[in-house]
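need a 3D model of the sequence below.
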Amino acid sequence: MYRIITIEREYGCGAADIAAELARHLGWKLWDQQLTEEIAKLAQVDPSVVRRCDERVDSKFHRLARVFWRGSFERSTPLAVMDTFDADRMMALMQQVLEKVVSEGHCVVVGRGAPYFLRERGDAFHVFLYASRPEKLRRVLQTGKTREEAEELLNTVDSDRMTFIKHYFNADWPTRCLYHMMLNTAVGNENVVSTILTTMQTLEKRLTYK
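Residues are numbered from 1 along each chain as shown. Purely as a prediction, here's the structure:
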């Protein structure tokens, strides 16, 4: 029986709304921005600091600066918390948070490497959502972004996610064999949610009769 659904996604394909709708339909807890808030609480930093590292690998400059400050003999020099929280720290806390999340079960988890962290769990159903660039551009523009902002985000966010997964999991993004299904969200949110639920239920029945 599936107790967890992970949603990995291309930026702008509407995954946040689809995941929220899926969670509402099932009566399950949604872990999307809530993951960011939970990590921020554990790290005792503002959520904006976590969002800065979210699904990104620290720049070479930041890594060098971090090494410098950690090795500095000038211990009296105060460091802002946001300068000491980085992607490595975020990943360690993410694993801790996900352990809590999966122990509770009945949840929909969006991104943050969840399909990779939970790839060995038989009670997790993994979905990858994507769309054509015009479809993603249309959806992003509907959120209020300018065309220039939308184009910039479409050009960079998925590239960051690709680098993030390669760095922390030594895997390609997306790793197709990891997912139970991959869906084009151009068919509409309602159809995507319906297809996920139907497929999940079909697989559960098959597992029950084995």
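
contact partners for the spatially most central residue of the chain?
Closest to where the C-alpha atoms of the chain average out (C-alpha atoms, centre = their mean) is residue 111, at 1.5 Å. By C-beta atoms under 8 Å, 6 or more residues apart in numbering, the contact set of residue 111 is 7, 8, 9, 15, 32, 55, 161. Yep, even glycine has a C-beta here, placed from its N, CA and C like the rest.

wait, the fourth one sits on residue 131?
What that stands for is residue 15. No: the criterion here is C-beta atoms under 8 Å, and residue 15 misses it with residue 131 at 9.4 Å.

excluding covalently adjacent residues, which one is nearest to residue 151?
Leaving aside its chain neighbours, residue 151 sits nearest to residue 137 (7.3 Å; criterion: C-beta to C-beta, 6 or more residues apart in numbering).

are we agreed that that neighbour is in a helix?
Yes: when DSSP: H, G, I helix; E, B strand; the rest coil is applied, residue 137 is found to be in a helix.

before we move on, the earlier item: mind checking pLDDT for the residue nearest to the centre of the chain?
pLDDT for residue 111: 90.

could you pull up phi and psi at it?
phi 60, psi -150 (degrees, to the nearest 10).

what separates stretch 135-146 from the chain centre, distance-wise?
Distance of stretch 135-146 from the chain centroid (C-alpha atoms, centre = their mean, to the nearest Å) equals 20 Å.

what comes into contact with that stretch?
With C-beta under 8 Å, 6+ apart, stretch 135-146 has contacts from 10-14, 131, 147, 150-151, 153-154, 185-186.
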